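**Student:** Predicted model and sequence follow; I will ask about them next.
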Amino acid sequence: MANIQSLDPTASPLDYYGWELRRQREAHGLKQGQLGDIIFCTGSLVGQIETTKKVPTRDFSERVDAALGTDGLFSRLIGLVLRSQLPTWFQPYAEMEAKAAYISTYQAQVVYGLLQTEEYARAVLATGMPDDLEGLVAARVERQRVLKREQPPLAWVVLDEAVLHRPIGGPGVMRRQLARLLEFARHRWMHVQVLPNEAGAHASLAGSFNILRFEDDPDIVYTEDVISGHMTASPETIKEAALRYARLQATALSVEDSAELIIRVMEERYGVCSQHEEHPVA
């Protein structure tokens, strides 16, 4: 195991977090196991985080702040740490997504990242066989904090019906993921529409794309290929993407009818939901 003292705190947010955690722990005269007992985890986990072998979570950071009286230091650091765990090519998009005032997305394969449950996200991310799956999952969950802001971005999500039928993670995972989508049926800031299979040929057969709009900055269109993502602020591309998105919205089911379809797929394909998973739509 690497010696934490050899870590360069300027090397990365994760290195700085580990270096600072050990510094603060030792300043309080605590061994790893003692701190672990206080924050309800193992001393081994504390040591792994101090040596950057494990990526900390927001919950861990908040408990450390409470235990050591560090005035929210680790709760502030964790956002930077988790963002640094995202693929390098995706980090610029995540930063822009967090600043957007309006998000429009069409997803042909999977549920949009901001709406994924943790277990669904884990199943999706595992397909890429990453070295640190849990770090990627934690980073994706962290992205979703943008929806918890006092004034989150206005988001409009169009999902291909195929997304509902693709059994990622098993029936239970899918059932809870579709139930999560239903939570937005009456949401003020988030609207979910389903593009039904009956639509046939449509305006984005080429694949998924996102449009980000900002208060003061130019709009951005984001697409992905098998290897990486691409952003552009080209006015011609923005205009074309906006036109295609308007056509997708016009072809998709209404928010209310989309919710009814989600309920039907959830019940018929993934089994009757439990009491905690029920989200009736008027």
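**Tutor:** Sure, I can see it. Residues are numbered from 1 along each chain as shown.

**Student:** what about the strands in the stretch 51-200 of the chain?
**Tutor:** Along the stretch 51-200 of the chain, counting by DSSP state E, counting those that start in this stretch, strands occupy 102-107, 154-160, 190-195.

**Student:** For Gly172, which non-adjacent residue is spatially closest?
**Tutor:** Leaving aside its sequence neighbours, Gly172 sits nearest to Tyr270 (C-beta to C-beta, 6 or more residues apart in numbering; 7.7 Å). Every residue, glycine included, has its C-beta placed from N, CA and C.

**Student:** same deal with Arg244?
**Tutor:** Arg244's closest residue in space is Ala203 (C-beta to C-beta, 6+ apart), at 4.3 Å.

**Student:** now that neighbour: how far from Arg76?
**Tutor:** Counting by C-beta to C-beta, to the nearest Å, the separation of Ala203 from Arg76 is 42 Å.

**Student:** Same check on Val64?
**Tutor:** 12 Å.

**Student:** who has more neighbours, these two?
**Tutor:** Val64 (27 against 12; other C-beta atoms under 10 Å).

**Student:** Quick check: closest non-adjacent residue to that one.
**Tutor:** Phe74 (4.8 Å).

**Student:** check contacts around that neighbour.
**Tutor:** Taking C-beta atoms under 8 Å, 6 or more residues apart in numbering as the contact definition, Phe74 lies against Tyr17, Glu20, Leu21, Pro56, Phe60, Ser61, Glu62, Val64, Asp65.

**Student:** Report pLDDT for the most centrally placed residue in the chain.
**Tutor:** For the chain, the residue whose C-alpha lies nearest the mean C-alpha position (C-alpha atoms, centre = their mean) is Arg140; its distance is 3.2 Å. Note for Arg140: predicted pLDDT of 94.

**Student:** now Arg180
**Tutor:** Looking at Arg180, its pLDDT reads 96.

**Student:** Okay, it and Tyr112: tell me how far apart.
**Tutor:** For Arg180, the distance to Tyr112 equals 11 Å [C-beta to C-beta].

**Student:** ok, now Lys239?
**Tutor:** Per C-beta to C-beta, Lys239 is found 23 Å from Tyr112.

**Student:** Between those two, which has more neighbouring residues?
**Tutor:** Using other C-beta under 10 Å as the criterion, Lys239 and Tyr112 rank with Tyr112 on top: 20 against 12.

**Student:** contacting residues for that one?
**Tutor:** Contact analysis of Tyr112 by C-beta under 8 Å, 6+ apart lists Thr105, Val157, Leu159.

**Student:** Of the residues you listed - the most surrounded one?
**Tutor:** Leu159 (25 neighbours).

**Student:** Hmm, it is touching Val194, no?
**Tutor:** Yes: Leu159 is in contact with Val194 according to C-beta atoms under 8 Å; the separation is 5.4 Å.

**Student:** Can you list the low-confidence ranges for this structure?
**Tutor:** Within the chain, the ranges that satisfy pLDDT under 70 run 1-5, 272-282.

**Student:** how deep is the spatially closest residue to Arg180 that is not a sequence neighbour tucked in, by neighbour count?
**Tutor:** Excluding its sequence neighbours, the residue lying closest to Arg180 (C-beta to C-beta, 6+ apart) is Thr117, at 5.2 Å. By other C-beta under 10 Å, 20 other residues sit near Thr117.

**Student:** And Ala98, by the same measure?
**Tutor:** 15.

**Student:** Next, the contact list for it, please.
**Tutor:** By C-beta under 8 Å, 6+ apart, Ala98 lies in contact with Arg143, Val146.

**Student:** Try it again at 10 Å.
**Tutor:** By C-beta atoms under 10 Å, 6 or more residues apart in numbering, the contact set of Ala98 is Gly79, Arg83, Glu142, Arg143, Arg145, Val146, Arg149, Pro153.
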